[in-house]
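Chemist: For reference, the sequence and a predicted model appear below.
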Amino acid sequence: MKTVSRVHRDKIVLVKVRLFGILSLLANERLVALDMAEGATLGDVLTKLGGRFGREFTDRILRVLGEMHSYCQVFVNNTQVSDLDMELKANGSAAEVGMILLMASDGG
Amino acid sequence: MEPQVIPASAVRDDVWIPSACSLCYGTCSIVAHRVDGVLVKIEGNPESAVGKGRLCGKGVSGLMTHYDPNRVRVPLRRTNPVKGIGVDPGWKEISWDEALDEIAQRLRKLRNDDPRRLFIQRTTTVTSSRTPIQVFAAAFGTPNRSSVGGGLHCGNGAHLISGLMHASWSVVPDFQYCNYAVYFGASKGHSAGHASCSNMGLAAEARARGMKMVVVDPMCNFAAAKATEWVPIRVGTDAALALSMCNVMVNELGIYDAPYLRAKTNAPYLIGPDKLYVRDPESGKPLVWDLSLRKAQPYDAVKAQEMALEREFEVNGLLCSPAFQILKTHLKKFTPEWAEAITTIPAANIRRLGTEFAREARVGSTIVIDGVTLPYRPVAAIAFRGSQGHMNSLYNVLAVDLLNQLVGSADMAGGCLGFNPACHGHPETGRPAYIPKAGPDGMMVAGMWLEHDFPYPIKSPRKPERMGLQDLFVMAQSSPFPYSSDRGQLWDTLHLPYRPEVLLNYGANALMSIANKETVAQALSQFKFIISIDLFLTESSDFADIVLPDCDYLESLDSRANFPFLFNLPGGMGEWCWPIKQPTVQPDGQQRRSSDILIELADRIGMREDLNAAFNAVLKLEGPFRLEGDRKYSYEEICDADLKTNFGPDRGLEWFKKNGVIKWRKKPEEVYWRHFVDVRVPIYWEFLPVLREKIAAIAEPRGVKIPQGYYEPLPDWVPCVSHEENNPGYDLYAFYYRDIIHTNSFTMENPWLDEAARLDPYSYTIAINAATAHGKGLGDGDEVWVETHRGRRVKGKVHLTQAIHPEGVGIAACAGHWGDEMPVAKGKGVFFNDLLEVDFDHASPVNLNLDLCVKVKVSKAAEVRR
Amino acid sequence: MRWGMVIDLKRCIGCYGCQLSCKAEHGSPPGVFFARLLKQEEGHYPTVRQLFLPVLCFHCDDPPCVEVCPTEASFQWPEGVVDIDPEKCVGCRACMMACPYTQRYFYDEEQHYFSGNGATPYEKARSQRHQTGVVMKCNFCRDRVLAGKEPACVANCPTVARYFGDLDDPTSEVSRLIKERGGYTLHPELGTGPCVYYLSP
């Protein structure tokens, strides 16, 4: 994951993360509001969520460091994103992130 | 939304409504003729590329399932607390409100406690149930889903290999250009299934054109019945034949497509003494040997034609070889003479088949299609349900696909095609667009999948959290462990952190479709509460606490009847086509659509926002069509959003209801994508030994043995349980096969289909070789017991035939109903699955496929004393 | 103008589509099949094939069923379709004995597919139009053809194994197929002049 090279203390991006399904139940939250430094990436957001909700939470999202499980769907400002290096930009007042696990195949 | 019951007499109309069939999962396009409120005919939709206006016998018979008086029409609750096979549930009619209230209450409580304790089953037959159930499960938070028998028996090998090697759900010959197709336990174009009616037309055209079809199968029916050559084989030994054919091609004839192997597979990747890739120390990328530079380089730094395929090289002090060299040496032991002993196919025939396949492949030739020059390899080796339904499922199917990979016919003109692995999208909207791409180690990641955990990259195994243990056995899609006799022990020993409590079943009949009914009955009894959404009260419904009456396909809605295209759209050149399914009549009782039931339940449980998010994610809804927050949407609105997302704001549900389908031409760059996309597939499954280590690290300390023999990087011959059994008297191999007139256990209740089946020589009988039967003193029509040495047995009438291997006992479909609530189906046919064990010892330790062949003894029914 | 049919046994895969689309078109009662599929094995293990043989009334040039009918209920239309006027039929079944291809059925009394439950709405709409006490058979879907469609079995066949057209027109598809592929009839030695031709499997 790309590290944030410049930190502007004054420039904060408000990131609103909406959790759905099992993620929401694990975190016991629907909406998590995070203040991230400008230039923060999706990966940075996941790190912060992991810090708050623990390894069990991040294990469900990340296949290996730097890569999400294919069944983890993340939407940033309503567009599906799988690149963890993507920089989050506010759409209006905040960057809207939605996360859901579409786990389990049933074959057939 | 209460369904409106409109008395038929009140309506005056005469309309043809475009929709989609659901008598099997083929979902061919139909037009339903409704006159004065009554459906009077179902025909194919000539506007659609799916079926091209024609239907098989099942499709035209849908009327008799629709109007079956035995359909469930009201919600029911059991009053008898005792559950068991043949035990009367004591059904009492209740209101929808009462039913949904209770179900929602239980599920809400369960969700707050541990959502994983909900297990959801669905029948594979009704493809329109896939999205609502995927969505509901994701919103609820349970990873536990199953497509029951249809999933477990049919796909762990076929879909895995098709996914990894062809980025699709299944494979089919390029009928329009193929000259030589070899089917291993498959009947594409001669029976039900993926793109069934379309394939029937394409296969017939190919046959008329002169395409040779060689069918390897223990029984000569359907495809084999029309074959240029039927190759009778001992059941479950397909890998031996395929590997031997590969050996003939590579080592005896020296025929293989070297440029294809260099550019499109991991054949040139260097393999070290530890069986793993030799990797670049800096980047970690697998190395290949650059013949011009005379040194090892990362695979993506070398031109394909410079890569070595053979010999041995020294890299960093270690001796290593390209994977192809390892394969070449590995294949040597699979001589036709060796294979004859295992398969019973004469060595001379095996040698001839390998030679024919190699020669017909025309390695090196090209063809021009629609102005585009493409590699031309008019041969296809196709494996499906027959060869994949065994312990050795993975190697069987992989060995068969190796034939395609070696001659470079995979997704090339005339060759073995995945069903639509790549699509550039509608010319106006560019949707839906997906294409395979390179993933870890340059191996192919599918552009699209039916589910969201793709076959590649390989997932990391972990301590299981899923009932089916698929998060430990990551090569498996479907699992027997929710039902197996040893599930309790496995869950205990592997520390499954919860036990299942509630089962939500959509239309499946697990008691019949999985394995022997006693074991499955125990599994069903473990649930504290079972909800079953059914068309009919089946043998499994008897275990339910609440039954909800289902709308059938003629009363239901689906915005994506044949999407994903990987599953149900005909492959090869032609047209892209996106049909919908729409209601053609209102239900005549209190039946509701499962999509509506699940939306309603989600509401009552309090997970509307999660449901919306899941719909957005699964359907990939975009822009103004995304569902917002926790607004309540009807399924009509959701379908409308799906269609507009893909085809623009002017083509929503109303447009599709009127027009039925949208079509646009396919391009060679889409159909023959492999020639244009820089991706590789593994002919050497380097990740398997690595995977085994990881799985064993978790499983073996807990007493679950993971045999190495199933996790070798190259396909091998591994016998099934039945091949190793040697109990005197149990000398025949019993198997079941898909019948063209029946789907799973569903259609025997349809009186038109049942009538045809009763007149068919094979549908309801036990097929046995005439000479074998005479040797046992059996005459045509005799009633017999077919029995395993574990005492499992089924009874039926034998049909003496030339059209089966002398060791074979062939039983059609999943028949032999005993329940009273499907009175047409009751007593018809033979219940093969009752012969099957379901436990760890009878499941493949790599992809969890259930072993579906059994060693049996066949004796006249009167002779058995009990 | 002589209506006839060609069935390509090379294409047919025995899917029962013809048998059942015919039944759905006409609402024929239980046990009655205007079109039917027969199956036969050929050869000895291991050299075996199956023959899938769809059959129906052959609308013969010289139909013995018409000849024996005492009431002129069985008759032949100008284009060759052999048909039955149920009003005139008295159910003597002489025609059934005369037909060497057993393609006629006697509808005894009203039967339903879900016996004990009465007629389904479909059967009320399509099956109850059939008179009981009379003989029934294929009539080449005459109404459909006159409306510009093909017979139901022809239109439906998923392998496109069935063709329908004018045998008197040498350029029609049926005529050309018979000529080019050596189309043959069943039991021509019986001399009835069947107008359904088969192409070899």
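Modeler: On my side now, so go ahead. Residues are numbered from 1 along each chain as shown, chains lettered A, B, ... in the order given.

Chemist: got the contact list for residue 14?
Modeler: Assuming you mean chain A. A:33-36, A:90, A:93-95 (C-beta atoms under 8 Å, 6 or more residues apart in numbering or on different chains). Backbone N, C-alpha and C define where each C-beta goes, glycine included.

Chemist: oops, chain C please
Modeler: B:222, B:225, B:740, C:37, C:39, C:50, C:52.

Chemist: do B:Ile120 as well
Modeler: So B:Ile120 contacts B:133, B:136-137, B:142, B:144-146, B:503-506 (C-beta under 8 Å, 6+ apart).

Chemist: try 10 Å
Modeler: A:104, A:106, B:133-134, B:136-137, B:140, B:142, B:144-147, B:502-506, B:531, B:598 (C-beta atoms under 10 Å, 6 or more residues apart in numbering or on different chains).

Chemist: Among those, which are located in helices?
Modeler: Within the contacts of B:Ile120, residues falling in helices by DSSP state H are B:133-134, B:136-137, B:140, B:598.

Chemist: Closest to chain C out of those?
Modeler: B:Leu598 (28.8 Å; C-beta to the nearest C-beta).

Chemist: from what I can see the closest one touches B:Asp550, true?
Modeler: No - applying C-beta atoms under 10 Å, one finds B:Leu598 not in contact with B:Asp550, separated by 11.8 Å.

Chemist: Identify the contacts common to those two.
Modeler: Taking C-beta under 10 Å, 6+ apart as the contact rule, B:Leu598 and B:Asp550 both touch B:129, B:506, B:533.

Chemist: Just to check, the first one is in contact with B:Val148?
Modeler: No - counting by C-beta under 10 Å, B:Ser129 stays clear of B:Val148, with 12.0 Å between them.

Chemist: More neighbours: which of the two?
Modeler: Per other C-beta atoms under 10 Å in any protein chain shown, whichever of B:Ser129 and B:Val148 has more neighbours is B:Val148, with 30 against 25.

Chemist: what sits against that one?
Modeler: By C-beta under 10 Å, 6+ apart, the residues touching B:Val148 are A:106-108, B:121-124, B:478, B:482-483, B:505-514, B:520, B:540, B:744.

Chemist: Apart from its chain neighbours, what residue comes closest to B:Pro751?
Modeler: C:Tyr113 (4.1 Å; C-beta to C-beta, 6 or more residues apart in numbering or on different chains).

Chemist: tell me the pLDDT at that neighbour?
Modeler: At C:Tyr113, the pLDDT value in this model is 97.

Chemist: Centre of the chain to the lowest-mean-pLDDT helix or strand in chain A, how far?
Modeler: Scoring the helices and strands of chain A by mean pLDDT, DSSP states H and E places strand A:62-64 at the bottom, with a mean of 83. Centroid separation for strand A:62-64 versus its chain: 13 Å, with C-alpha atoms, centre = their mean, to the nearest Å.

Chemist: From B:Lys828, how far out is the closest residue in space to C:Phe34 that isn't next to it in sequence?
Modeler: Distances taken as C-beta to C-beta, 6+ apart place C:Cys138 nearest to C:Phe34, at 3.8 Å, with adjacent residues excluded. Separation of C:Cys138 from B:Lys828 (C-beta to C-beta, to the nearest Å): 28 Å.

Chemist: Hmm, B:Glu749 and B:Gly827 touching each other?
Modeler: No - counting by C-beta under 10 Å, B:Gly827 does not reach B:Glu749; the two are 11.8 Å apart.

Chemist: what is in contact with those two at once?
Modeler: Common neighbours of B:Gly827 and B:Glu749 (C-beta under 10 Å, 6+ apart) are B:His817.

Chemist: of those two, who's got more company?
Modeler: B:Glu749 (26 against 12).

Chemist: more crowded one of C:Cys138 and B:Lys828?
Modeler: Using other C-beta under 10 Å, the more surrounded residue of C:Cys138 and B:Lys828 is C:Cys138, with 28 against 19.

Chemist: Can you name the residue of chain C nearest to chain A?
Modeler: For chain C, C-beta to the nearest C-beta, closest residue to chain A: C:Cys15, 22.4 Å.

Chemist: Where is the longest strand in chain B?
Modeler: For chain B, the strand with the greatest residue count under DSSP state E is strand B:793-801.

Chemist: quick one, longest helix in the chain?
Modeler: Chain wasn't specified; assuming chain A. helix A:42-53.

Chemist: Oops, wrong one, chain B.
Modeler: Under DSSP H, chain B gives helix B:96-113 as its longest helix.

Chemist: Output the contacting helices and strands for that one.
Modeler: helix A:21-27, strand B:76-78, strand B:118-122, helix B:130-140, strand B:502-506, strand B:529-534, strand B:546-549, helix B:594-605 (3 or more C-beta pairs under 10 Å, 6 or more residues apart in numbering or on different chains; DSSP states H and E).

Chemist: Good, wrapping up.
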